[in-house]
Every structure is written in C-alpha cells, then in structure tokens.
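Participant: here is my input, please return the structure:
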Amino acid sequence: MKLEEGKYTKARILWALAKKRKWLHSHTPLTNMIKWVYVKNDGRVIRKLIKELRREGMVIIKPTHYGEEISLNPYQSERIKALIKKYFGEEI
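Facilitator: Purely as a prediction, here's the structure:
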C-alpha cells in the first residue's frame, strides 16, 4: 500500500465514524467499521490502519464480551476534523 493511499483510507475511517457521530461513549462494533470502509484483503488493511489510528490516539477501542468497539477520541477532534477536511473538503 502506498503511503498516500494509507492516509486517505485513514481519513475515510475517521470520516465514516464522524458521519455516524461515534465520539467517545457512542461506539460501534469494529466489524461494522470494516464493512463501512471495506477496501481490499478482507479488511486486513482496515484493521492495520485502525491499529495505527489507535497508536496515534485518534480512535478509542473498547473491549466488550462480544468483540471490540470503536469510537473517535474527542480530545483529538481538531486533528480529526483537519484530516477529514483535507481529504474530503467538508466540515464535520
């Protein structure tokens, strides 16, 4: 995967969560996220990019008894909004 393609896909993940208003306590199953942003390789690419976003502090992963859930980190909202605006040109 090319570097710029990875950044675009990360922005797409963040955009999908922001559109659904999944901030902090409002979260969605990780499997749903993979379906929303499906790219290639049965979601393996998406899982890798979500791990990177978690390390960067942009998303929060919450473990549950039925799987993992994902939401946006509100403390990084400015960075998230800037990235979405850069790639999609819209305000969230």
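Participant: spatially nearest residue to His25 (excluding sequence neighbours)?
Facilitator: In this structure, His25 finds its nearest non-sequential neighbour in Ser71, 7.3 Å apart by C-beta to C-beta, 6 or more residues apart in numbering. Glycine gets a C-beta too; all of them are placed from N, C-alpha and C.
Participant: for the helix or strand hosting Asn32, buried residues please.
Facilitator: Secondary-structure element containing Asn32, defined by DSSP states H and E: helix 30-36. By neighbour count with 16 or more other C-beta atoms under 10 Å, helix 30-36 contains the buried residues Leu30, Asn32, Met33, Ile34, Trp36.
Participant: just put the residues you listed in CSV and tack on pLDDT.
Facilitator: CSV is the format used below for these (pLDDT from 0 to 100):
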residue, pLDDT
Leu30, 89
Asn32, 85
Met33, 84
Ile34, 83
Trp36, 81
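Participant: from those, pick the one nearest Gln76.
Facilitator: Minimum separation from Gln76 among these (C-beta to C-beta) is found for Met33, which lies at 16.9 Å.
Participant: just checking, the closest one touches Ala16?
Facilitator: Yes: contact between Met33 and Ala16 holds when scored by C-beta atoms under 8 Å: they sit 6.9 Å apart.
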